[in-house]
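Enquirer: My questions concern the predicted model and sequence given below.
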Amino acid sequence: MNTTEFKTLGDWLNTILEPYNYQVALLAPAGKPGKILRSSREYRLQLINKQQDTSDNLIKNLGEILKKASKDVLNVRFHSISPNSSKFPSYSFDFKGQNFDLVIARGANKGENFETKTVADLARYFKVKNSSPEMVDLVAKLDESNKVFKDREIASVRQRTGSTKKEGIPIENLGAIIGDIVLTDTTKAEWFISLKDANGSTFSSYSGAASLFNTKGDLQPKSPGAEFLNAFGVDLNKVQAGFDTRNKLPSFERPKLPVKREDTAAIKAIFERAWGMNYFYVRRTSNGWQVFWIDRNKLNKLTGNIKIYEIKYPSATSKQITILCGNTEKSYLIELRNSKAGEYPNDTKFKVK
């Protein structure tokens, strides 16, 4: 099948999805190679009216719709978690020798609603200069945290779209990847805002966790995941022992792995990539907004001289590896866990405490 055929299929999907308040993602009307299962063609299905979550109704009926659509639609299967998503269900099927995966994104969560509302409120503020005290306060703090921004006239406000992958991006350009909101001024310069609601303690993800164990449950000491943990002085023997206990693996002598001391320089480099720079960090609090501009000076404060306070290892009651650390600027919580309800880590989250 070619791109034209994929687009035709997307158009057909829209006709059957519309009664259920769903559509194929506007940014990929012809679908795209599967995010994880690259041999499949993934169509991301999104709500038309995001305030009305009709996902349960679509999940209930889509399987039968696909089975009755054509005798050429084969092997219709429901996945409670899509092979191409960490949290959304999907229906997959085969058609004309190609496997397809329809990922059913659910209703907008509180964070998404908060982001959409903030974009609209900011756009209204810069357009009419007659806005809520909340937006007046936010813009005043943006101005205060960056003197150059203060002198710029904002022409447009939009939500950022596109890839969120940080790999290979210079740290000074990461604001364009991390930002949720893009403000464009009259000189065509773009200003990025990373927006968090009151519960938004997570400020970054990190790759490599999935490499830590093989499918047999053996820790891989030369993997990127192990290298990451070594930087923080984590005892890999205790990590292995914790998962062995959890999975009731037969008692046998595993090779003793060296325990490395925490590496301050490596930790700083890790946190520099986690934070990035050249954007506004904005978080809603119970009494207003926390706002700061991350330039090189601020990044050094956020990432320098980080000390390890405590490391929590997997056990019979927990499959998470937790690192508590911080400096005089911030206290941090790093969590290595499985975001797909599996056993071994596949995800790393950085949080501010």
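Expert: Happy to help now that I have it.
Enquirer: OK, contacts around the residue nearest the centre of the chain?
Expert: If you average the C-alpha coordinates of the chain and look for the closest C-alpha using C-alpha atoms, centre = their mean, you land on Ser205, 6.5 Å from that point. Counting by C-beta atoms under 8 Å, 6 or more residues apart in numbering, Ser205 touches 347-350. Any C-beta I mention is one placed from the backbone N, CA and C, and that applies to glycine too.
Enquirer: For the residues you listed, give me TSV that also has pLDDT, distance to Ile16 and secondary structure.
Expert: Written out in TSV, the entries for the contacts of Ser205 read as follows (pLDDT from 0 to 100; distance: C-beta to C-beta, whole Å; DSSP: H, G, I helix; E, B strand; the rest coil):
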residue	pLDDT	distance to Ile16	secondary structure
Asp347	93	34	strand
Thr348	96	39	strand
Lys349	96	37	strand
Phe350	97	41	strand
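Enquirer: could you redo these as JSON lines and give each row neighbour count?
Expert: Written out in JSON lines, the entries for these read as follows (neighbours: other C-beta atoms under 10 Å):
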{"residue": "Asp347", "neighbour count": "17"}
{"residue": "Thr348", "neighbour count": "25"}
{"residue": "Lys349", "neighbour count": "18"}
{"residue": "Phe350", "neighbour count": "19"}
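Enquirer: and of the residues you listed, the nearest to Thr303?
Expert: Phe350 (11.1 Å; C-beta to C-beta).
Enquirer: Just want to check the distance between that closest one and Ala210.
Expert: Computed as C-beta to C-beta, to the nearest Å, the Phe350 to Ala210 distance reads 17 Å.
Enquirer: Counting neighbours, what do you get for the residue nearest to Ile65 when sequence neighbours are not counted?
Expert: Distances taken as C-beta to C-beta, 6 or more residues apart in numbering place Ile16 nearest to Ile65, at 5.7 Å, with adjacent residues excluded. The number of residues packed near Ile16 is 15, by other C-beta atoms under 10 Å.
Enquirer: what's the answer for Ser331, then?
Expert: Number of residues near Ser331 (other C-beta under 10 Å) recorded here: 14.
Enquirer: cool, and Ala231?
Expert: Summarising burial for Ala231: neighbours were counted as other C-beta under 10 Å, giving 20.
Enquirer: Quick check: it touching Ala266?
Expert: Yes - counting by C-beta atoms under 8 Å, Ala231 sits close enough to Ala266 to count as a contact (3.9 Å).
Enquirer: For Thr184, what is the enclosing helix or strand?
Expert: Thr184 belongs to strand 181-185 when assigned by DSSP states H and E.
Enquirer: The helix or strand following that strand: partners in the sheet, and parallel or antiparallel?
Expert: Using DSSP H and E, the helix or strand that directly follows strand 181-185 along the chain is strand 190-196. For strand 190-196, sheet partners with direction are given as strand 181-185 (antiparallel), strand 279-285 (parallel), following DSSP bridges.
Enquirer: In the last one, which residues are buried?
Expert: Of the residues in strand 279-285, those buried under the neighbour-count criterion (16 or more other C-beta atoms under 10 Å) are 279-284.
Enquirer: pLDDT averaged over it, what's the number?
Expert: What strand 279-285 shows for mean pLDDT is 96.
Enquirer: cool, the shortest one as well?
Expert: Average pLDDT, strand 181-185: 96.
Enquirer: Now that strand: buried residues?
Expert: Those would be 181-183, 185, for strand 181-185 by 16+ other C-beta under 10 Å.
Enquirer: Reformat the residues you listed as JSON lines; add distance to Ala140.
Expert: As requested, the buried residues of strand 181-185 are arranged in JSON lines below (distance: C-beta to C-beta, whole Å):
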{"residue": "Ile181", "distance to Ala140": "17"}
{"residue": "Val182", "distance to Ala140": "20"}
{"residue": "Leu183", "distance to Ala140": "15"}
{"residue": "Asp185", "distance to Ala140": "17"}
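Enquirer: Identify, from those, the entry nearest to Lys96.
Expert: Set against Lys96, the nearest of those by C-beta to C-beta is Val182 (39.3 Å).
Enquirer: give the contact list for the closest one.
Expert: Taking C-beta under 8 Å, 6+ apart as the criterion, Val182 is in contact with 157-160, 190-193.
Enquirer: ranges for the helices of the chain?
Expert: In the chain, the helices defined using DSSP state H lie at 3-17, 55-69, 110-128, 133-145, 147-150, 175-178, 224-231, 236-246, 264-275, 296-303.
Enquirer: just so I know, which of the ones you listed lies nearest Ser201?
Expert: With distances scored as C-beta to C-beta, the stretch of those nearest to Ser201 is helix 110-128 (11.6 Å).
Enquirer: which residues sit against the closest one?
Expert: When contacts are defined by C-beta under 8 Å, 6+ apart, helix 110-128 is touched by residues 50-51, 108, 131-132, 134-136, 138-139, 154-159, 180-181, 183, 195, 197, 199-200, 284.
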